[in-house]
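S.K.: Any chance you can model this:
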Amino acid sequence: MENYLNENFGDVKPKNSSDEALQRWRKLCWIVKNPKRRFRFTANLTKRSEAEAIRRSNQEKFRVAVLVSQAALQFINGLKLSSEYTVPEEVRKAGFEICPDELGSIVEGHDVKKLKIHGGTEGLTEKLCTSITSGIGTSEDLLSVRKEIYGINQFTESPSRGFWLFVWEALQDTTLMILAACAFVSLIVGILMEGWPIGAHDGLGIVASILLVVFVTATSDYRQSLQFKDLDAEKKKIVVQVTRDKMRQKISIFDLLPGDIVHLGIGDQVPADGLFLSGFSVLIDESSLTGESEPICVNVEHPFLLSGTKVQDGSCKMLVTTVGMRTQWGKLMATLSEGGDDETPLQVKLNGVATIIGKIGLFFAVITFAVLVQGLATRKLQDGSHWAWTGEELMSVLEYFAVAVTIVVVAVPEGLPLAVTLSLAFAMKKMMNDKALVRNLAACETMGSATTICSDKTGTLTTNHMTVVKACICGKARDVNCSDAARYLASSIPESAVRILLQSIFTNTGGEIVVGKGNKTEILGSPTETALLEFGLALGGDFQKERQASDVVKVEPFNSTKKRMGVVIELSGEHFRAHCKGASEIVLAACDKYINKDGDVVPLDEASTSHLNNIIEEFASEALRTLCLAYLEIGNEFSSEDPIPSGGYTCIGIVGIKDPVRPGVKESVAICRAAGITVRMVTGDNITTAKAIARECGILTDDGIAIEGPEFREKSEEELLKLIPNLQVMARSSPMDKHTLVRNLRTMFQEVVAVTGDGTNDAPALHEADIGLAMGISGTEVAKESADVIILDDNFSTIVTVAKWGRSVYINIQKFVQFQLTVNVVALIVNFLSACLTGNAPLTAVQLLWVNMIMDTLGALALATEPPQDDLMKRTPVGRKGNFISNVMWRNILGQSLYQLVIIWCLQTKGKTMFGIDSDLTLNTLIFNTFVFCQVFNEISSREMEKIDVFTGILKNYVFVGVLTCTVVFQVIIIELLGTFADTTPLNWSQWFVSIVLGFLGMPVAAALKMIPVGAH
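M.R.: Numbers count the residues shown, from 1 in each chain. I've put the predicted structure just below:
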């Protein structure tokens, strides 16, 4: 079976599957009882192609708009432009001078002419009643007026489905429709023959069973949809930085309004359509909107920023002009949201299992019907009454047909693929509570197979709360881990050195010191920037004063390829100075001078270089992140078009930043090792720092290898084959090094790789990995969008929790499949053999429908929602090549099925004599009752596939206990009270005792089976 599944249903990958692969498996599933339900959680390929058409149309539209705007620029400069635009009355009354449609047409159409007519970005700022420095006012009245005129920043989503829609979908089941038709005919014939109400019992019994199945199914599906709705809402939460009421603050992307001043940096998503106000080196990736891979340069001449695009480089302030469904992104997202998520490999595989069993079931159903009818026809031939058919005999044929259809109901395990979704929805909801947001459904199950985790250091293994604790200024290293120590440092070095150090800290930064709510001073920026700015303040510096003393001419933001950041400032008298900071050895290599203890700039000789390198090594060996700060006098000639010089700098000093290891990381790494998961650290830091942290975390062992990115890049394929198995730390790595490592682990070694990332440049590695894990706090929007799971607290321990839940999902589905296949096998064979050998079926349509519900919906609820046990992380991972239906499962299925078949067969052939039963109805009721209790106890046994102890933690799983209780209570009601509808008769105490004991004996049988050794595959 595994080979058949891999061959026909194995094309679908955990992510990035082709449309052909998704289409192919759908065509193979031709036995489907209810397509609407079966394919509910699969991708809507039609909607996806519509979204792709919108992208292509956008690409063409924006390409034309750019060409037109470029042509327009050549003509309109110097022309006097007149406006024919009239402000609508309601807009004017609200206090604005431009309507939303006019605003939208400027940015979406890249309309330079209209922009100029309205007075450029300054003119639009005035017309929108906002200020570039202060932003919009935040009083409720002003905001509500703005919302009324310009709309809100949300796109239209398809309305959530109500409960009755799920009832309607559950009724679309073909087999249930056929049974309903049988029930209707049975009702009519029964009433005509036996009158009301006796003649209606059989028909009403089937109708009641159908309604019960439909309502239980719909309730389960509805609850599931609510869970997904909550998770979807979490996925869309994005926070943006804006200036409102002169204060920099963070707000939800959904609260953004036209007129808002938004601050954007590398990796941010442009949250609405807008215009560039000011900034440096801004490159925008518009591929998500247009499919165009070439980044677009945005500046004052080309100021148009489109919602949904990503900031690839640089930083800027933007004026929001258009929001929500008025943007192209809003329209695209409305279509994409209907496209749904890709189905997961496990869903597809179980659709394959359902198809195989469905074919077998259909074959058995046809044979059973044929045998039963042939038996009746033979009896009539012997009686010589084959031409005269009574109503009772026709009712028997109808009953045989109903039994055959019900065999198909039981045989086609429609619940298998849906059990995956149920388990994933349950796991995703619980993982959300454990600080992990799953963006891609398949990541849940894939994480359970992970064999390698490539983790960042900063913020994941460490706390990301950074402070400067050591500094080497003017050649002397000192501790500066408190304000007093920093002030002492400032007083002990020449004033000129302090001045240049403060200028370097406060001008060459991606952070900012602002006044927030309640007039509190806030430091904004990355943890590294925050640590340096705090150090600058501790030295006695004034951020605003330093920024006003010079003008920033050019900025080259930090990125993980260059490992440095640069800025050029213009001082008074048209004198330019460049500041540079970054990875210590890289920036120090660009220096040829340094500031000595007297504050003089002197050449950097061999002894001084060696001394500074030793300082770097000393700081790094204490697990400190080291940064080197340097400057360069440029002179009087520099243009913003010129590149920032790369050499000839003067070293100001080296700082050591402490970022402590997170509590619990060492234990989590040990758990991973016990679980057969290799943890590798991939960081941009100095190799000495990386090794010190890796040892502290328990990642670097005595036989492990630590290597630097540049050295790794030079290795040949043969060398990598020997190196990678023992590689535990990669320092000074670039994003492409991480990508190469991930690709080789997946292709050369067939590993299932999980990768963490927070920066924009991590996107390729996150995309390449089997599971991309983005950081929720420090991660950019680009990284989050490329990831499958977002770690909301940036904590490595949460990654281990995700792995545990992933394993739990996989094991839970296996338990459910084992349980369901056992019921399938027994129900099929019992009815088939009885029909062939005795001419009647012991399990009627109503009884089989009840069994189907125990097996499908209730079984999935009970087994697919088991919480993870700690011993899950003591097993080896399944990996890429593990069989889903394992030998262990086959052993349990076949052994348990054989026991149940023997018991039921004995009851059918010897039951009357063994228990002194006279009527067939009592015997069939005993068989039905025993069969159901076999499933109840088998459900308990299925909680563990290999362990004999199946009761550990059972009372903590309220769903499981609830399902079992409901099953037993309802079974008692069916037997004792609903006999006329369910073809049962009340049983005495001894018969109840026999049913329960025979069911219970399945548990010792299951325990004995678990002692039979079988291979893993």
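
S.K.: Run through the residues that contact the residue nearest the centre of the chain.
M.R.: Among the residues of the chain, the one closest to the centroid is Arg439, at 2.1 Å (C-alpha atoms, centre = their mean). Residues near Arg439 by C-beta atoms under 8 Å, 6 or more residues apart in numbering: 235, 784, 787-790. (Glycine included, C-beta is placed from N, CA and C.)

S.K.: of all those residues, which comes closest to Tyr150?
M.R.: Nearest to Tyr150 among these is Lys235, at 25.4 Å by C-beta to C-beta.

S.K.: And the chain, split by domain according to the record?
M.R.: For the chain, the TED database gives the domain ranges 53-157+236-337, 345-427+803-1011, 436-462+662-794, 467-658.

S.K.: of all the ones you listed, which gets the most neighbours per residue?
M.R.: Among the domains of the chain, domain 436-462+662-794 has the highest mean neighbour count (mean count of other C-beta atoms under 10 Å), at a mean of 21.

S.K.: now for stretch 936-945, what's the gap between its first and last residues?
M.R.: Taking C-alpha to C-alpha, to the nearest Å, stretch 936-945 runs 16 Å from one end to the other.

S.K.: What residues are bridge-paired with the residue nearest to Ala706 when sequence neighbours are not counted?
M.R.: In space, and not counting its chain neighbours, Ala706 is closest to Val729: 3.8 Å by C-beta to C-beta, 6 or more residues apart in numbering. According to DSSP bridges, the partner residues bridging Val729 are Met681, Ala706.

S.K.: ok, Val729 - contacts?
M.R.: Val729 makes contact with 680-681, 683, 687, 690-691, 694, 699-700, 704-707, according to C-beta under 8 Å, 6+ apart.

S.K.: Is the spatially closest residue to Ile296 that is not a sequence neighbour in a helix, a strand, or coil?
M.R.: Of all residues not flanking Ile296 in the chain, Ile284 sits nearest, at 4.8 Å (C-beta to C-beta, 6+ apart). Per DSSP: H, G, I helix; E, B strand; the rest coil, the secondary structure class of Ile284 is strand.

S.K.: Please name the bridge partners of Ile284.
M.R.: Going by DSSP bridges, Ile284 is paired in beta bridges with Ile296, Val311.

S.K.: pretty sure it contacts Glu294?
M.R.: No. Ile284 is beyond contact range of Glu294, at 10.4 Å (criterion: C-beta atoms under 8 Å).

S.K.: Can you show me the helices along the stretch 601-750 of the chain?
M.R.: Using DSSP state H, counting those that start in this stretch, the helices found in the stretch 601-750 of the chain span residues 606-621, 665-674, 687-697, 709-713, 717-723, 735-747.

S.K.: export the shortest one as PDB, just CAs?
M.R.: Output in PDB follows, covering the C-alpha atoms of helix 709-713 (Å, rounded to 0.1, in the frame of the first residue of the first chain):
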ATOM      1  CA  GLY A 709      31.200  31.400   6.200                       C
ATOM      2  CA  PRO A 710      34.000  32.400   3.800                       C
ATOM      3  CA  GLU A 711      35.800  29.100   4.500                       C
ATOM      4  CA  PHE A 712      32.600  27.100   4.000                       C
ATOM      5  CA  ARG A 713      31.900  28.800   0.700                       C
END
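
S.K.: sorry, back to before: could you dump the helices of the stretch 601-750 of the chain into CSV with mean pLDDT and distance to Arg891 added?
M.R.: Shown next, in CSV, are the helices of the stretch 601-750 of the chain (pLDDT from 0 to 100; distance: least, C-beta to C-beta, whole Å):
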stretch, mean pLDDT, distance to Arg891
helix 606-621, 92, 55
helix 665-674, 90, 26
helix 687-697, 91, 40
helix 709-713, 90, 45
helix 717-723, 90, 37
helix 735-747, 88, 32
